[in-house]
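K.L.:
generate a structure from the sequence data that follows.
(chains A and B)
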Amino acid sequence: MGRWEVLEAVAIADCAVELSGDDLDDLFATAALALAELMVDPRTVARSVERRVTLAAPSLDLLLYDWLSELIFLKDRERLVFPRADVAVQPGSPCALEARLAGGPIDPARTALRADPKAVTFHQFALEPRNGGWRARVVIDV
Amino acid sequence: MTTTMNAVPVGDCVWEIPPDAKPGMLVPARIYASERLLAAMDEGVFEQVTNVACLPGIVRAALCMPDGHWGYGFPIGGVAAFRTDSGVISPGGIGFDINCGMRLLRTTLTEDEVRPRLRELIDALFAAVPSGVGARGFVRLTEDRFREVMVEGAGWCVRHGYGWSEDLAATEGGGCLPGADPAHVSARAVARGVDQLGTLGSGNHYLEIQVVPPGGVHDPEVARAFGITGPGQVLVMLHCGSRGFGHQVGTDYLRRFDEVMPRYGLSVRDRELACAPFRSADGQAYFGAMTAAANTAFANRQVITHRVREVMGRVFGRDPRDLGLQVIYDVCHNTAKLERHVVDGESVEVVVHRKGATRSFGPGAPDVPEAYRAVGQPVIIGGSMETGSALLVGTARAMAETFGSTAHGAGRTMSRAKAKRQVWGETLIADMAARGIVVRAASKAGVAEEAGFAYKDLTEVVDVVHRVDISRRVASLTPIGNIKG
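P.N.:
Next up is the predicted model:
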């Protein structure tokens, strides 16, 4: 599993996250977990819902943008959060992903709420290969 | 202290970074701050305000208010005006929370009357106004009805019984900005926002019961015009915006502008400043969708006002009109609006971007409600939930210098993560209760993030805007109850 950390000195009113993964699949799955942890305590979310998501974009960084935006959309539209994602990224032009999401509904009686992400910003947005793996920086408006 | 990019003083509490400080700057960057506030600003402010100064069609200067801090695209506290004939519009100059804003209601209640029922009141408001991640609103709308809201704004709510007709006159733009076009709103934005009308959100959004503290009236004449009667008076302050609908509109068009910019030969220093010429098809589509989101934010604050009236009427066993629950004003702090301002002696139509900056129109200015025409528009500056907020009034100097704009809040100085490490949400709620402030929150972690120590001193921010005369101090407001997302 990849790693992620909050960059406290960047865009202090929002949430800047540095992500790394062994490969693109790993990085995209880590990004989903980081976003879920920003929204809720994942231990308080039932693993009762599975979803499949497919996306295509002109470039890998826009695919990451669309991926996180899709998860934020599902939070508002369906009240679902997905701490676990199995992702298969297909690089190319256009590039694409297929993901299987596992998570559950936001249940006010059970779920420990954290922040409510509004959107993914392009501020300092980056996705690049590094040290044989991949790293990304994402600032999320909360 | 971080780099200030050699900002030089050009007046009392006014600093300027000249256009030669960064390649591509078309105008200077101007920052309104005391020496102390300037020194405390993070480096992102200087980088971002000078990036804004590079955008095509910008006039006079890129501005940053004293509550400025590192945002995305524009700094928070950023103001810029672009010629409509040759300038751009940028979602990064408005923010995703389109028409995030403040609404202030007055009452005829006193603190002595409210204190005995304060916890009951806060519990009832917390139940009536959904907040936090995943909250659904109480107004059930079809998608067609939601499109009516986009066009009519707060007027739709009043027409359907969620408010009083006089509320509209006390709302910026009458609660309905012209130019909203649902045809340019995506199906995803509609789907995301259609059931959130009447929700507070989270982060720094809140619904607060406040009182005028002893010595809290600074300008008795203007205070009287705003219906502020004196210390002990209870008020209700609301801070929220267009919710997931506006967030999705911002997302859709940021993504679109990022792809179409090369077609217009545009490039930007921060990708978040992705933009399009205002008069282009892309620019006009965003303006139509963004205005639709702005109108739903007015509607959101309007239906929450309705809930507040219902709850307070029930708790105090009186008709809300008997409680004097009138809107003092509702003002945006995340918008782009078409306005006319005098630039180099000429009246010019500009699209004024305010991102974390409050409109501050002075006496006699257009769109100032008749009741306030002689004194100027009420300016509502929200502080932290611990330290209080401020009511000010717009000025002629703001019209002349800052495109009729001033600060919007205290401004963060500490990251959310650091604030959470310094205090537990439960501990802070207990501490505040001991100080007489009752807090209910959907997220305890969210309470810790909003602790007073995470913000600048609001008094210092207000002192600057008052000294510079881009808004004038009218009254201080102290919280006694707070609902957070």
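K.L.:
ok, longest helix in chain A?
P.N.:
The longest helix of chain A (DSSP state H) is helix A:60-78.
K.L.:
mind listing what's buried along that one?
P.N.:
Using 16 or more other Cβ atoms under 10 Å in any protein chain shown as the test for burial, helix A:60-78 gives A:60-77. C-beta coordinates here come from the backbone N, C-alpha and C atoms, glycine included.
K.L.:
so B:Gly215 sits against B:Pro231, correct?
P.N.:
Yes - contact criterion Cβ atoms under 8 Å: B:Gly215 and B:Pro231 qualify, at 7.2 Å.
K.L.:
compare those two (neighbour count), which wins?
P.N.:
More crowded of B:Gly215 and B:Pro231, by other Cβ atoms under 10 Å in any protein chain shown: B:Pro231, with 17 against 8.
K.L.:
pretty sure the more buried one sits against B:Pro220.
P.N.:
No - under the criterion of Cβ under 8 Å, B:Pro231 is not in contact with B:Pro220, lying 11.6 Å apart.
K.L.:
thinking again about what came up before, chain B next: which of the buried residues of helix A:60-78 are close?
P.N.:
Applying Cβ under 8 Å from any Cβ of the partner chain, the subset of those adjacent to chain B comprises A:Leu62, A:Tyr65, A:Asp66, A:Ser69, A:Ile72, A:Phe73, A:Lys75, A:Asp76, A:Arg77.
K.L.:
distance check, the fourth one against A:Ala57.
P.N.:
It refers to A:Ser69. A:Ser69 sits 11 Å away from A:Ala57, going by Cβ to Cβ, to the nearest Å.
K.L.:
now the second one
P.N.:
A:Tyr65 sits 8 Å away from A:Ala57, taking Cβ to Cβ as the criterion.
K.L.:
got it, and the last one?
P.N.:
From A:Arg77 across to A:Ala57, the span is 20 Å (Cβ to Cβ).
K.L.:
again, but for B:Asp12
P.N.:
Noted for B:Asp12: a distance of 50 Å to A:Ala57, by Cβ to Cβ.
K.L.:
repeat for B:Ser280
P.N.:
Applying Cβ to Cβ, the value for B:Ser280 to A:Ala57 is 23 Å.
K.L.:
and the helices in chain A, which stretches?
P.N.:
Counting by DSSP H, chain A has helices at residues A:24-39, A:60-78.
K.L.:
any chance of those helices in JSON lines, plus mean pLDDT?
P.N.:
JSON lines is the format used below for those (pLDDT from 0 to 100):
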{"stretch": "helix A:24-39", "mean pLDDT": "97"}
{"stretch": "helix A:60-78", "mean pLDDT": "97"}
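K.L.:
closest one to B:Asp123 among the ones you listed?
P.N.:
B:Asp123 lies closest to helix A:24-39 among these, at 25.2 Å (Cβ to Cβ).
K.L.:
how far does the closest one sit from its chain's centre?
P.N.:
In terms of Cα atoms, centre = their mean, to the nearest Å, the centre of helix A:24-39 is set 4 Å apart from its chain centre.
K.L.:
that one near chain B at all?
P.N.:
Yes - counting by Cβ under 8 Å from any Cβ, chain B has neighbours in helix A:24-39: A:Met39.
K.L.:
okay, the angle between that helix and helix A:60-78?
P.N.:
Here helix A:24-39 runs at an angle of 40 degrees relative to helix A:60-78 (axes from the mean of the first three to the mean of the last three Cα atoms, to 10 degrees).
K.L.:
show me what helix A:24-39 is packed up against.
P.N.:
Applying 3 or more Cβ pairs under 8 Å, 6 or more residues apart in numbering or on different chains; DSSP states H and E, we find helix A:24-39 packed against strand A:3-6, strand A:15-21, helix A:60-78, strand A:80-90, strand A:95-105, strand A:133-141.
K.L.:
now the angle between strand A:95-105 and it, please.
P.N.:
30 degrees.
K.L.:
then helix A:24-39 to CSV, C-alphas only?
P.N.:
Taking Å, rounded to 0.1, in the frame of the first residue of the first chain, the C-alpha atoms of helix A:24-39 are listed here in CSV:
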residue,chain,number,x,y,z
LEU,A,24,-0.2,4.0,-10.6
ASP,A,25,-2.8,1.5,-9.3
ASP,A,26,-1.3,1.8,-5.8
LEU,A,27,-1.2,5.6,-5.9
PHE,A,28,-4.8,5.9,-7.1
ALA,A,29,-6.0,3.5,-4.3
THR,A,30,-4.0,5.4,-1.7
ALA,A,31,-5.6,8.6,-2.9
ALA,A,32,-9.0,7.1,-2.3
LEU,A,33,-8.1,6.1,1.2
ALA,A,34,-6.6,9.5,2.0
LEU,A,35,-9.8,11.2,0.8
ALA,A,36,-12.0,8.8,2.9
GLU,A,37,-9.8,9.5,6.0
LEU,A,38,-10.2,13.2,5.4
MET,A,39,-14.0,12.8,5.4
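K.L.:
could you give the angle of it to strand A:80-90?
P.N.:
Using the same axes, to 10 degrees: helix A:24-39 against strand A:80-90 is 160 degrees.
K.L.:
quick one on the thing from earlier: out of B:Asp12 and A:Ala57, which sits in the busier spot?
P.N.:
Ranked by neighbour count (other Cβ under 10 Å), B:Asp12 and A:Ala57 place A:Ala57 first, with 18 against 11.
K.L.:
for the chain, give me the ranges with low pLDDT.
P.N.:
Using chain A here. The model of chain A has no residue with pLDDT under 70.
K.L.:
my question was about chain B
P.N.:
Judged by pLDDT under 70, the stretches of chain B that qualify are B:1-2.
K.L.:
now the terminal residues of stretch B:64-83, how far apart.
P.N.:
Counting by Cα to Cα, to the nearest Å, you get 19 Å between the two ends of stretch B:64-83.
K.L.:
equivalent analysis for stretch B:31-43, please.
P.N.:
Between the opening and closing residues of stretch B:31-43 there is a gap of 13 Å (Cα to Cα).
K.L.:
does the longest strand seen in chain B reach chain A?
P.N.:
Using DSSP state E, we find that the single longest strand of chain B is strand B:472-484. No - residues of strand B:472-484 contacting chain A under Cβ under 8 Å from any Cβ: none, with a closest distance of 10.7 Å.
K.L.:
C-alpha coordinates for that strand, PDB please?
P.N.:
Output in PDB follows, covering the C-alpha atoms of strand B:472-484 (Å, rounded to 0.1, in the frame of the first residue of the first chain):
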ATOM      1  CA  ARG B 472     -16.000  51.400   9.200                       C
ATOM      2  CA  ARG B 473     -16.600  49.700  12.600                       C
ATOM      3  CA  VAL B 474     -20.200  49.700  13.700                       C
ATOM      4  CA  ALA B 475     -20.600  47.000  16.300                       C
ATOM      5  CA  SER B 476     -18.800  44.100  17.900                       C
ATOM      6  CA  LEU B 477     -20.700  40.800  18.300                       C
ATOM      7  CA  THR B 478     -19.900  38.100  20.800                       C
ATOM      8  CA  PRO B 479     -21.000  34.400  20.500                       C
ATOM      9  CA  ILE B 480     -23.100  32.700  23.100                       C
ATOM     10  CA  GLY B 481     -24.100  29.700  21.000                       C
ATOM     11  CA  ASN B 482     -22.700  28.000  17.900                       C
ATOM     12  CA  ILE B 483     -23.700  25.300  15.500                       C
ATOM     13  CA  LYS B 484     -21.000  23.800  13.300                       C
END
